[in-house]
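> Provided below are the primary sequence and the corresponding predicted coordinates.
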Amino acid sequence: MKIFLDTANIDDIDYYKDFIDGVTTNPSILSKYDVKNHKNTILKICRLVRSHVSVEVVSDTAEDMLKEGRELAKLHNQICVKLPCTYDGLRVCKILSEEGIATNVTLCFSATQAVLAAKCGATYISPFIGRLDDVGQDGLSLIDDICEIYRQQGFETNVLAASVRNSYHVTQAIMSGVDAITMSPKILKSCLEHNLTNVGLQLFAEDWKNRKK
């Protein structure tokens, strides 16, 4: 299973690089850090990680998405072109996949969308857990459904759990059998830390300090 960091912050990526495989970005994330030279930021990220770096198209039409996706793929061999789960996005996904370009279909909110993305050869499908929870639906249930359908049908598309809001989402998504999960630096930090670990270290330190000499 792969872990991706959902950010474009170079310092965070460098700090957590021993724990992550790749990075996912989107236009909102990139705009926070280096909107004037996003290509430079993307290349810096690629040099820090060993797996895919998802970069999303911003075009509206299939023709423009295709052109933009091909240009993004030329930047680095680790680039994974991120496409919206729409009619045009899936059409472009099929073409790019047939050309050997990695794709990540994002903004997936239903199992049927995930099936169509897999039929179009997507490398990754990104179901959004937290956003479904926000509107009163069960995001983790969607992850379960997609993983089960993919197993039954033998689809090769990787399930990439996205929009995770806490370490519980992370744990449950992994237990469902996802191939990858992306999370913010804040969520990854919460997965690394536990209050009882800190308490235990403090006790060990105190006992060592007070040992008989």
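Here it is on my side, so go on. What you are looking at is a predicted structure, and each value in this text was computed from that prediction instead of being measured.

> mind listing what the nearest residue to Gln78 once chain neighbours are set aside touches?
Counting by C-beta to C-beta, 6 or more residues apart in numbering, Gln78 lies nearest to Cys46, which is 4.8 Å off, once chain neighbours are set aside. C-beta: built from backbone N, CA, C; applies to glycine. Shown in contact with Cys46 (C-beta atoms under 8 Å, 6 or more residues apart in numbering): Val53, Leu75, His76, Gln78, Ile79.

> what does Arg91 give?
Arg91 is in contact with Ala62, Cys120, counting by C-beta under 8 Å, 6+ apart.

> pLDDT value on the closest residue to Glu99 other than its chain neighbours, please?
In this structure, Glu99 finds its nearest non-sequential neighbour in Arg70, 7.8 Å apart by C-beta to C-beta, 6+ apart. On the pLDDT scale, Arg70 is placed at 98.

> Surely Arg70 is in contact with Val92?
No. If you go by C-beta atoms under 8 Å, Arg70 and Val92 don't touch, sitting 9.7 Å apart.

> So these two - more neighbours on which side?
A side-by-side neighbour count of Arg70 and Val92, using other C-beta atoms under 10 Å, places Val92 first with 30 against 15.

> so how far is Asn26 from that one?
16 Å (C-beta to C-beta, to the nearest Å).

> Go ahead and flag the most central residue of the chain.
Thr182 (3.4 Å; C-alpha atoms, centre = their mean).

> what mean pLDDT does the one helix or strand that one maps to have?
Secondary structure from DSSP states H and E places Thr182 in strand 180-183. The pLDDT scores in strand 180-183 average 98.

> what's the following helix or strand after that strand?
Assigned by DSSP H and E, the successor of strand 180-183 is helix 185-192.

> Quick one: list the elements packing against that next one.
Using 3 or more C-beta pairs under 8 Å, 6 or more residues apart in numbering; DSSP states H and E as the contact test, the elements touching helix 185-192 are strand 2-6, helix 167-176.

> just how off-centre is the last one within its chain?
Read it as helix 167-176. How far helix 167-176 lies from its chain's middle: 14 Å, per C-alpha atoms, centre = their mean, to the nearest Å.

> try stretch 101-116
Using C-alpha atoms, centre = their mean, the offset of stretch 101-116 from its chain centre is 13 Å.

> how long is that stretch end to end?
18 Å (C-alpha to C-alpha, to the nearest Å).

> on contacts alone, who are the packing partners of the helix or strand of the chain with the lowest mean pLDDT?
The weakest-scoring helix or strand in the chain, judged by mean pLDDT, DSSP states H and E, is helix 27-33 (a mean of 86). If you count contacts as 3+ C-beta pairs under 8 Å, 6+ apart, helix 27-33 packs onto helix 38-48.

> average pLDDT for the helix or strand harbouring Val23?
Using DSSP H and E, Val23 falls within strand 22-24. The average pLDDT for strand 22-24 rounds to 98.
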